[in-house]
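Colleague: Here's my sequence, what's the structure:
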Amino acid sequence: MGRRRLGTVTFALKKPYPDDKGTRNRMFWKNKTRKAVGLDIGSSTIKAAELSWTKEGGVSLVSHQLLKLRAEGILDDEELSQSLSTWLEQNGWKNRDICLGLQQYLATVQVRDFPVAPEAKLEEMIAYETQQLSGISEEKFIHDYHIMPPKYGRNNPVLIGISRYSVVAEKLQVLESAGVTPADMTMNSMALINALFNLHPETKDVEKPQMIIEIGAENSTVIIFAGGQILSINSLLFGSDKFNRALMESMEMDEAKAEEEKLKAEISSKNKKHPLHKVSLTLISELKNAVEQWKIHENAETAGMEIVKLWLCGGGSLIGGLPEILMSNFMECEIELFGPVDKEGKLLPELACAYGLALQAMEIEDIRISLAPSEIRWVSLRKRNYKFISAAVFIFVIAIFLYLIDFYLKLEKEDLQNRKIITRLQACEVFIPKLDKLGDDIRHYEKMIVPFAITGNNIPRFLSAVREVGKIKGDNFFFSYLADEKSFHGLKLEKNASKDTQNIFMANLAAKDPASFMKRGRNESVCVNQMTENRSLVLIGFTISSSKKEHYDLVRQIQTKLSNVPLFSSNTEEVDILSEEERTGREDIMSSPWISQVVNNREINSQLGGKRFRDFAIKLPFAEDSVNQANLVEIKKGK
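Modeller: Numbering: from 1, shown residues only. Just a heads-up that it's a prediction; the model follows:
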């Protein structure tokens, strides 16, 4: 199940530590062999096991060593550090990843069932529970936890481990004085359960309770578990030294001799007077108390199940006849020694703890509780990742080098293409003056044809206007005058104009003397930009109406019909009625002889039945110009 390490903490402040998420099981995708060492420093013996892991072969025991402290005369921590440094150096383990074990009596382990909650909330609850376990002490503590699968009436069981920082620091000081920085540190109980699960993985699937008993020199560790879930962990004040003292007292021998005799002895229920038999009964009593305490705190369903198997390990498990004594006096269940096996096939139960510690150093344990301070984890993480960082830097440098080469080749290619383009542009440069001259000539000739375009288009547009005006017919109005706006405002009608030009549609079209016109054309120049065209016409007519209102209504109808003609009305100006002010000065149009003969004729007016002639004038702007001279001006400015 998932878990997260909390690192070194006080209850007022949680120190940061490197997040190891993603480093777990990192080795499973590596093809290289990885090695690590588990270091179990006991009160009388230091036990070390070196393991290797490969993808093909899995875990194997490479080497193992025992350093007997009493036999070597090591009495204090200074001597221990010196001897340990030499011993690790001789075995080539100083540069290995080392996991250090912490005796179980120096730590506290609890199994707590929490409500199912998000990880952040769960951490808060675990931190509070850890504070309760530590009591009112103001000392620093280190704690960690492991989430277990929900079983045996527990919805969200969590295994919590806690130890005083001073205890951890004291153990680490011994190694640091020996010139070694461990990769990790955990409780011996975690190493034992991980060693059993690795060596006998079938035990994880057994749903009934089982027990691990590790007999050390001064203390023993008892672990009760079922179905891969830890139910209880206890430390007993019983060690194999009690067997030594019993032999020393009964047979009057020294400690070294008693150690030898202990391993040769054979405890038997038939020989109850044997000094070791009485001591074994003390062990059985301690074990019964541990089981009773577990059942008291366990739920009724689980507590009612019997322990089906005992697993023995530790140096004290090597005493002859001990499994049989336990079976006959403690629990009638199967008892088996467990531990790693050396190359000769010999079982080594005394190395079970060191084996489990090495598994955690390689990060292939099943249950992980780490009590290493944050600074140790930082060092371990840097050391573990150094090869990856070096490889990453090397790959990065190579990638940058390849990128620069590729970038250089691309620049060379682009430079070659640019040189070709520059060569072509230089060849085209000689045509620029010629193109400029051609452009000037084009603009010059465009301007030269403007007068012809304007003059040539005036008459067709005027004729189109005559046709459109002629389509608008009515019995109560008629048109009498149509001319361009310039003629309407600025030119006077020739007094001697012929009667043929004074009709209703072609008024004001009489030409002047051709000779005088040609003479002016030969002697006068026309500025192209000052040449204007007819942009609007003026239409004059009469309505036959009885009142001004009727007159205005008729004029508005005529205006509306002319506005709908596509030829008239531009975006800026629409068909509109000329005001009296705009018509001032052209009274000569109304006084022309033929108009006077109609408008002022009494006989015609008498036939109108009370109506009379009323004049009107309408301005007709063309929708489009013949020539857009603004473009010509812009071209000139652009040059």
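Colleague: Show me what L61 bridges to in the sheet.
Modeller: L51 (DSSP bridges).
Colleague: Make sure it is actually in contact with V341.
Modeller: Yes. Contact status for L61 versus V341: in contact at 7.0 Å, counting by CB atoms under 8 Å. Every C-beta, even on glycine, is put in place using the N, C-alpha and C of the backbone.
Colleague: More neighbours: the two, which one.
Modeller: L61 (19 against 13; other CB atoms under 10 Å).
Colleague: Model confidence score at Q502, please.
Modeller: Predicted confidence (pLDDT) at Q502: the value is 40.
Colleague: How about L409?
Modeller: Note on L409: pLDDT of 95.
Colleague: what helices or strands is the helix or strand it falls within leaning on?
Modeller: In the assignment (DSSP states H and E), L409 maps to helix 374-429. Secondary-structure packing of helix 374-429 (3 or more CB pairs under 8 Å, 6 or more residues apart in numbering; DSSP states H and E): strand 5-9, strand 97-102, strand 184-187.
Colleague: Now do it against strand 97-102, angle only.
Modeller: Relative orientation of helix 374-429 versus strand 97-102 (axes from the mean of the first three to the mean of the last three CA atoms, to 10 degrees): 150 degrees.
Colleague: Helix 374-429: what's the following helix or strand?
Modeller: Counting by DSSP H and E, what follows helix 374-429 is helix 432-448.
Colleague: Tell me the buried residues in that next one?
Modeller: Within helix 432-448, the residues scored as buried using 16 or more other CB atoms under 10 Å are 443, 447.
Colleague: what stretches of the chain score poorly on pLDDT?
Modeller: 1-32, 133-137, 331, 380, 384, 490-532, 591, 629-639 (pLDDT under 70).
Colleague: domains of it?
Modeller: The record assigns the chain these domain ranges, following automatic domain parsing: 204-337, 393-429, 446-638.
Colleague: which SS class is E259?
Modeller: With DSSP: H, G, I helix; E, B strand; the rest coil as the basis, E259 sits in helix.
Colleague: which stretch of helix or strand covers the residue nearest to it when sequence neighbours are not counted?
Modeller: In this structure, E259 finds its nearest non-sequential neighbour in N244, 6.0 Å apart by CB to CB, 6 or more residues apart in numbering. Using DSSP H and E, N244 falls within helix 241-251.
Colleague: any residues touching that helix, and which ones?
Modeller: Outside helix 241-251, the residues within contact range by CB atoms under 8 Å, 6 or more residues apart in numbering are 44, 217-218, 253-255, 258-259, 261-262, 265, 275-276, 278-279, 282, 316, 319.
Colleague: 7 Å instead?
Modeller: For helix 241-251, contacts defined as CB atoms under 7 Å, 6 or more residues apart in numbering pick out 217-218, 253, 255, 258-259, 261-262, 275-276, 278-279, 282, 319.
Colleague: cool, stretch 158-168 as well?
Modeller: Residues outside stretch 158-168 that contact it (CB under 7 Å, 6+ apart) are 8, 102, 106-112, 114, 126, 129-130, 133-134, 139-148, 185, 187, 230, 367, 369, 371, 373.
Colleague: can you check stretch 606-616 too?
Modeller: Stretch 606-616 has contacts (CB under 7 Å, 6+ apart) with 540-546, 551, 555, 577, 590, 599, 605.
Colleague: Quickly name whichever of these is closest to L411.
Modeller: Among the contacts of stretch 606-616, I577 lies closest to L411 (CB to CB), at 73.9 Å.
Colleague: Go ahead and confirm that closest one touches L554.
Modeller: No. With contact defined as CB atoms under 7 Å, I577 does not count as touching L554 (11.6 Å).
Colleague: Just confirm W93 is within a strand.
Modeller: No. Going by three-state DSSP, the assignment for W93 is coil, not a strand.
Colleague: Is there a neighbour count for it? I'd like the number.
Modeller: Using other CB under 10 Å, W93 has 20 other residues around it.
Colleague: Please renumber the chain so that the first residue is 473 from this point on.
Modeller: Sure thing, new numbering starts at 473, so read that last one as W565.
Colleague: Report the contact partners of it.
Modeller: The neighbours of W565, taking CB under 7 Å, 6+ apart as the test, are 509, 520, 522.
Colleague: That one and L671: what is the separation?
Modeller: To L671, W565 is 22 Å away according to CB to CB, to the nearest Å.
Colleague: Same question for K742.
Modeller: Counting by CB to CB, the gap from K742 to L671 is 33 Å.
Colleague: Compare the two and say which is more crowded by neighbours.
Modeller: Between K742 and L671, counting by other CB under 10 Å, L671 is the more crowded of the two (18 against 6).
Colleague: pretty sure the more buried one contacts E808?
Modeller: No. Using CB under 7 Å, L671 is not in contact with E808, being 10.9 Å away.
Colleague: Looking at the contacts of helix 713-723, state which has the most neighbours.
Modeller: Greatest neighbour count in these, by other CB under 10 Å, goes to L748: 25 neighbours.
Colleague: Near E884, how many other residues are there?
Modeller: Using other CB under 10 Å, the number of residues around E884 comes to 10.
Colleague: My error: substitute E551 in the last question.
Modeller: Using other CB under 10 Å: E551 sits among 13 other residues.
Colleague: same check, this time on the one 4 residues further on
Modeller: Around S555 sit 17 other residues, with neighbours defined as other CB under 10 Å.
Colleague: And what about it, helix, strand or coil?
Modeller: In three-state terms, and counting by three-state DSSP, S555 is helix.
Colleague: where do the helices sit along the stretch 673-822 of the chain?
Modeller: Residue ranges of the helices in the stretch 673-822 of the chain, as given by DSSP state H, counting those that start in this stretch, are 713-723, 727-736, 747-769, 772-775, 794-801.
Colleague: Kindly reformat those helices as TSV containing distance to W559.
Modeller: Supplementary listing: those in TSV, determined by distance: least, CB to CB, whole Å:
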stretch	distance to W559
helix 713-723	23
helix 727-736	20
helix 747-769	31
helix 772-775	44
helix 794-801	29
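Colleague: Please identify which of these is closest to E1045.
Modeller: helix 772-775 (101.8 Å).
Colleague: Any buried residues in the closest one, and which?
Modeller: For helix 772-775, by 16+ other CB under 10 Å, it's 774-775.
Colleague: ok, and what's touching that helix?
Modeller: 624-625, 703, 767.
Colleague: Tell me what angle the helix holding L881 forms with helix 904-920.
Modeller: Relative orientation of helix 846-901 versus helix 904-920 (the same axes, to 10 degrees): 70 degrees.
Colleague: Quick check: S661 vs A844, distance?
Modeller: As judged by CB to CB, S661 and A844 stand 16 Å apart.
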